[in-house]
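Student: sequence isn't available, so here's the structure alone:
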């Protein structure tokens, strides 16, 4: 579904963050700035138009971190929109949310998420979890680790 090194428009050192909470966006910026200073981060606080901007981009992110509950278009709707466009099949989408309800996890994987990661409240754990997710997807695109990213998709 994602992570192919074969798409020349995919930049694996570029991450789009779709997050409406200014506090969470700042925490993501701080966490990844410490653990992955070479990454380029782009933030948007709205889901509307994300898939279209990805489609039109000459440089696509190797990873999209997507919050689920945002004003307007929900993260699940954004995910469905991205996955409805075959040209975006190589874009890795990791849901990074504070929601833990099993039905949310199931719906997110059904919509095409590559991983579902819970946002811890503690910053040190937040940074560790985020670092692990980015490390995993970067290794995977380079043909490395094939283990689970966080929670495995439901069977």
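Tutor: Right, received. Where do you want to start? Note that the structure is a prediction, hence the values are computed from the model and not measured. Numbering: from 1, shown residues only.

Student: per-residue confidence for residue 150?
Tutor: On pLDDT, residue 150 comes in at 43.

Student: which parts of the lengthiest strand in the chain are buried?
Tutor: Taking DSSP state E as the criterion, the chain has its longest strand at strand 10-18. For strand 10-18, the neighbour count (16 or more other CB atoms under 10 Å) marks 10-12, 14-18 as buried. All C-beta atoms are positioned from the backbone trio N, CA, C, and that covers glycine.

Student: cool, and stretch 16-29?
Tutor: For stretch 16-29, the neighbour count (16+ other CB under 10 Å) marks 16-20, 24-25, 27-28 as buried.

Student: check the burial of residue 143 by counting its neighbours.
Tutor: Residues near residue 143, counting by other CB atoms under 10 Å, number 8.

Student: now residue 110
Tutor: Counted with other CB under 10 Å, residue 110 comes out at 13.

Student: where along the chain do the helices fall?
Tutor: Using DSSP state H, the helices of the chain run over 22-35, 50-56, 75-83, 102-111, 123-141.

Student: so how far is the fourth one from its chain's centroid?
Tutor: By that I understand helix 102-111. Relative to its chain's centre, helix 102-111 lies at 15 Å (CA atoms, centre = their mean, to the nearest Å).
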